[in-house]
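# when you get a sec, could you give me coordinates for this:
(2 chains)
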Amino acid sequence: NAGVTQTPKFQVLKTGQSMTLQCAQDMNHEYMSWYRQDPGMGLRLIHYSVGAGITDQGEVPNGYNVSRSTTEDFPLRLLSAAPSQTSVYFCASSYGTVNQPQHFGDGTRLSIL
Amino acid sequence: GENVGLHLPTLSVQEGDNSIINCAYSNSASDYFIWYKQESGKGPQFIIDIRSNMDKRQGQRVTVLLNKTVKHLSLQIAATQPGDSAVYFCAENTSLGYNKLIFGAGTRLAVHP
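Model (predicted):
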């Protein structure tokens, strides 16, 4: 098992550009989520999904869209990148949807100029 | 990411000593708590979790203690090793439902030989 795979690992964008961060898991996990991590801070939840076709907002959803067309994939879209979205983005998944340890990918480091 | 841990509280210990990392959580209704370890350039790695109906849970070289009266969580690492050096995050599930974790800011553990 590869676990949770995120691509790309690094990306630099210009303000206003769009981009999709990819996340895939091969563990047949129901629950998937996206977090952002800023210097000196813990992770903050952006969006999450409890199964294919079902998504919902987390703590900081503005500026981001998600979809879940398959169990395995949960892409995060930035429609019009802003410098405030410069961060490290982590995708996570868990087998259950309630009170289960989430397994994280190694992140995408995104810089918006 | 590379900038994780800037301006974080740091706990410095000698190799072989026991470490105790503390965390104050925010919501008295939280029912699930989890500790993660994050090494530089990596995603958070699950260490141990505990549900609110427990006060203590032990793993391999780690113990988590939960004090619901004062909303305090601690992670004890026995016989700390250089490989334990990392940033440690506690997280709580405040949603009483889906895995919507709220992360603390983290503590850096530095182990000296």
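
# all contacts plus neighbour counts: C-alpha atoms, from now on.
Fine.

# which strand or helix spans the closest residue in space to residue B:103 that isn't next to it in sequence?
Using CA to CA, 6 or more residues apart in numbering or on different chains and skipping the chain neighbours, the partner closest in space to residue B:103 is residue B:91 (4.2 Å). Following DSSP states H and E, one finds residue B:91 within strand B:86-93.

# show me what that strand is packed against.
strand B:32-38, strand B:101-103, strand B:107-112 (3 or more CA pairs under 8 Å, 6 or more residues apart in numbering or on different chains; DSSP states H and E).

# residue numbers of chain A in contact with chain B?
Residues of chain A found near chain B (CA under 8 Å from any CA of the partner chain) are A:31, A:37-45, A:50, A:58, A:88, A:90, A:97-107, A:109.

# what residue is smack in the middle of chain A?
Chain A has residue A:34 as the residue nearest its centroid, 3.0 Å off, counting by CA atoms, centre = their mean.

# got a list of what that residue touches?
Residues near residue A:34 by CA atoms under 8 Å, 6 or more residues apart in numbering or on different chains: A:45-48, A:76, A:89-92.

# looking at chain B, which helix or strand is least sure?
Ranking every helix and strand in chain B by mean pLDDT, DSSP states H and E puts strand B:101-103 at the bottom, with a mean of 90.

# so what touches that one?
Residues outside strand B:101-103 that contact it (CA under 8 Å, 6+ apart): A:42-45, B:89-94.

# just the CA atoms of stretch A:25-36, as PDB, please.
This file holds the C-alpha atoms of stretch A:25-36, laid out as PDB (Å, rounded to 0.1, in the frame of the first residue of the first chain):
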ATOM      1  CA  GLN A  25      -5.400   6.800  -1.200                       C
ATOM      2  CA  ASP A  26      -5.300   3.100  -1.800                       C
ATOM      3  CA  MET A  27      -6.700   1.900   1.600                       C
ATOM      4  CA  ASN A  28     -10.400   2.000   0.700                       C
ATOM      5  CA  HIS A  29     -10.900   4.700   3.300                       C
ATOM      6  CA  GLU A  30     -14.300   6.400   3.500                       C
ATOM      7  CA  TYR A  31     -13.200   9.600   5.000                       C
ATOM      8  CA  MET A  32     -10.900  12.100   3.400                       C
ATOM      9  CA  SER A  33      -9.900  15.600   4.300                       C
ATOM     10  CA  TRP A  34      -7.700  18.500   3.400                       C
ATOM     11  CA  TYR A  35      -5.800  20.700   5.900                       C
ATOM     12  CA  ARG A  36      -3.500  23.600   5.600                       C
END
